[in-house]
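Peer 1: Sequence first, then the predicted structure, then my questions.
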Amino acid sequence: MIKTLPLNSRAKTTTLKQPRELFSYARDIDGEYVYDDESVQSAISYYYLPDSAVDSRLDLQSGYSKFKKIPEEQNVADFTSYLTAIQKHEESSGEKVQGDIVTFRGVMTKILALPFNINEPFDLNIVPFDGQLFMNVDVNIETNRREQREAELRNNNPPDKYEYLKKCEFSGYKFETIATLPRPWADCSRSEIEKRPKKMVNNYEQHLSVIKTGIGNVKLVLAGEIDCVWDYLPDDNKHTLDHYVELKTSRIIETNGNVVTFEKKLFKTWCQCFLMGVRYIIYGFRDDDLCLRNVEVFKTDEVPLLIKNNPLTAESKNKVNCVGALKWYGAVLEWLNTEIDKNDTSKSYRLSYDPGSKSFSLLELMSDDNQRLRNGEILTKEFKKWREGLV
Ligand code: 0WD
Ligand code: CA
């Protein structure tokens, strides 16, 4: 069985549910996933970057040689910890997490952005279990692609250019380090605030929020990384998403060409934030010497109009369009929801996009792939036992 959905498919209506946070978990500085309230709370960062710091042209490459970088093979989309987090939440709340599809936000970002990002391939696996579809990137394919990109980067650039590109990558994590605090500003010491430019940079620590959301009649459970909190966290726990921030870095915008490139980036960031209900997007703009020159705050809700009204791209062909992307996304979810029987645990599927043929297709996997996904790669023994009521 192979079914395809044309790229020009659009849902007629796109009724959206307001995303709500269910719970969070975290990855600590040692790369261990943690689930208890105290550890998770301490993994949340708070945004604080006064204008005076921006004016001082902070160096976003300093500390590059001491970057505590997680090995790539350890930095995969880890479904095991996600399911552990869901189980712990279900044990303590006494309620099963409801939703038709359970996946990472990054997975849905690929689908949402696809109509305006047609050159990036992806391969996703889908496993029906207990009335829900569990979905993740195919970790092997993803790893091979990443290694190939990395090899090309190394082989196609002189060593100093390659090093510069790696420093650009580092500058994003450096920006996170200098723009955030481990606790709200008022609870931090002056030296904690002032010593941030010397602080060690790492990409081990992650605060992951799990939310429920939906489009049309399809309900989703998404886990995604939250960079920091804008101001404070409300006590009621209901509107936490309104306080979250996505941090990004980009080169300063000088030419019309730069504007066009930035618009594409902002569109992808919008996809990422919109899906989770993250309210603020903060861009740190750096120059070619990797010095921070300017910081701009965008409200996620305002991005679609900002893009639509940009006169510099009004004439571009296939100009990015947030509403168009949403209608596509709605059509995809409706299609998956009707094509796949969520209770048929004898099958698994692969959802692929191939830029060569521009085809978006759903394929039933062979039995050995199905077994691999059901026995560890997506579903785990613990989680199956838990949901089957055997624990
Ligand atoms: O394709 C992958 N490798 C995926 C990885 C797909 C989906 C998830 N993940 C992992 C993420 O690394 C994270 O641990 O699952 C967790 C949840 O991720 P998400 O929030 O769903 O992922 P996404 O929205 O794609 O990315 C969020 C952040 C990125 O921040 P920026 O500002 O660059 O968007 O996760 C990190 C990164 O910091 N991240 C990665 N880091 C290194 N290599 C990668 C990667 N391939 N993907 C995401
Ligand atoms: Ca980020």
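Peer 2: Arrived safely. Ligands and ions are numbered 1, 2, ... in the order given.

Peer 1: contacts, neighbours, all on C-alpha from now
Peer 2: Fine.

Peer 1: which residues touch the strand or helix carrying residue 270?
Peer 2: According to DSSP states H and E, residue 270 maps onto helix 256-276. For helix 256-276, the external contacting residues (Cα atoms under 8 Å, 6 or more residues apart in numbering) are 19, 105-106, 108-109, 112-113, 211, 213, 222, 224, 241, 246, 250, 253, 279, 281, 300-301, 303, 307, 312-313, 320, 322.

Peer 1: Also stretch 135-155?
Peer 2: Taking Cα under 8 Å, 6+ apart as the rule, stretch 135-155 contacts 73, 76-77, 79, 101-104, 107, 122-127, 162, 378.

Peer 1: 6 Å instead?
Peer 2: 103, 123, 124, 125, 126 (Cα atoms under 6 Å, 6 or more residues apart in numbering).

Peer 1: Among the residues you listed, which one lies nearest to ligand 2?
Peer 2: residue 103 (18.8 Å; Cα to the ion).

Peer 1: Confirm that the closest one sits in a strand.
Peer 2: Yes - assignment of residue 103 by DSSP: H, G, I helix; E, B strand; the rest coil places it within a strand.

Peer 1: what about stretch 158-169 and ligand 2, any contact?
Peer 2: No - using Cα under 5 Å from the ion, stretch 158-169 stays clear of ligand 2, coming no nearer than 11.3 Å.

Peer 1: does ligand 1 sit close to that stretch?
Peer 2: No - remark: stretch 158-169 sits outside contact range of ligand 1, by Cα under 6 Å from any ligand atom, the gap being at least 9.0 Å.

Peer 1: can I get the CA coordinates of that stretch in PDB?
Peer 2: Listed next in PDB are the C-alpha coordinates belonging to stretch 158-169 (Å, rounded to 0.1, in the frame of the first residue of the first chain):
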ATOM      1  CA  PRO A 158      38.500  25.400   3.300                       C
ATOM      2  CA  PRO A 159      39.300  24.700   6.900                       C
ATOM      3  CA  ASP A 160      39.100  28.300   8.100                       C
ATOM      4  CA  LYS A 161      35.700  28.700   6.400                       C
ATOM      5  CA  TYR A 162      34.500  25.500   8.000                       C
ATOM      6  CA  GLU A 163      35.600  26.700  11.400                       C
ATOM      7  CA  TYR A 164      33.800  30.000  10.800                       C
ATOM      8  CA  LEU A 165      30.600  28.100  10.000                       C
ATOM      9  CA  LYS A 166      30.900  26.100  13.200                       C
ATOM     10  CA  LYS A 167      31.400  29.300  15.100                       C
ATOM     11  CA  CYS A 168      28.200  30.600  13.600                       C
ATOM     12  CA  GLU A 169      26.400  27.500  14.900                       C
END
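
Peer 1: quick one: buried residues of it?
Peer 2: 164, 167, 168 (16 or more other Cα atoms under 10 Å).

Peer 1: what's the strand or helix carrying the second one in contact with?
Peer 2: Right, residue 167. If you go by DSSP H and E, residue 167 is part of helix 159-179. The contact list for helix 159-179, computed with Cα under 6 Å, 6+ apart, reads 47, 48, 49, 60, 61, 196, 197, 249.

Peer 1: swap in stretch 208-227?
Peer 2: 14-17, 19-26, 99-105, 207, 246.

Peer 1: show me which of these neighbour ligand 1.
Peer 2: Within the contacts of stretch 208-227, those near ligand 1 by Cα under 6 Å from any ligand atom are 104, 105.

Peer 1: which residue does the stretch 151-300 of the chain bring closest to ligand 1?
Peer 2: Closest residue of the stretch 151-300 of the chain to ligand 1, Cα to the nearest ligand atom: residue 224 (3.2 Å).

Peer 1: Look at that residue and give its secondary structure.
Peer 2: The local conformation at residue 224, judged by three-state DSSP, is strand.

Peer 1: Give me the distance between it and residue 45.
Peer 2: Relative to residue 45, residue 224 is positioned 15 Å away (Cα to Cα, to the nearest Å).

Peer 1: Of the two, which one has the most company?
Peer 2: Ranked by neighbour count (other Cα atoms under 10 Å), residue 224 and residue 45 place residue 45 first, with 24 against 21.

Peer 1: give the contact list for that one.
Peer 2: Applying Cα under 6 Å, 6+ apart, the residues near residue 45 are 180, 181, 182, 228.

Peer 1: ditto for residue 196
Peer 2: Residue 196 neighbours (Cα under 6 Å, 6+ apart): residue 178.

Peer 1: where does the stretch 101-250 of the chain come near ligand 2, residue by residue?
Peer 2: Residues of the stretch 101-250 of the chain lying near ligand 2 (Cα under 5 Å from the ion): 247, 248.
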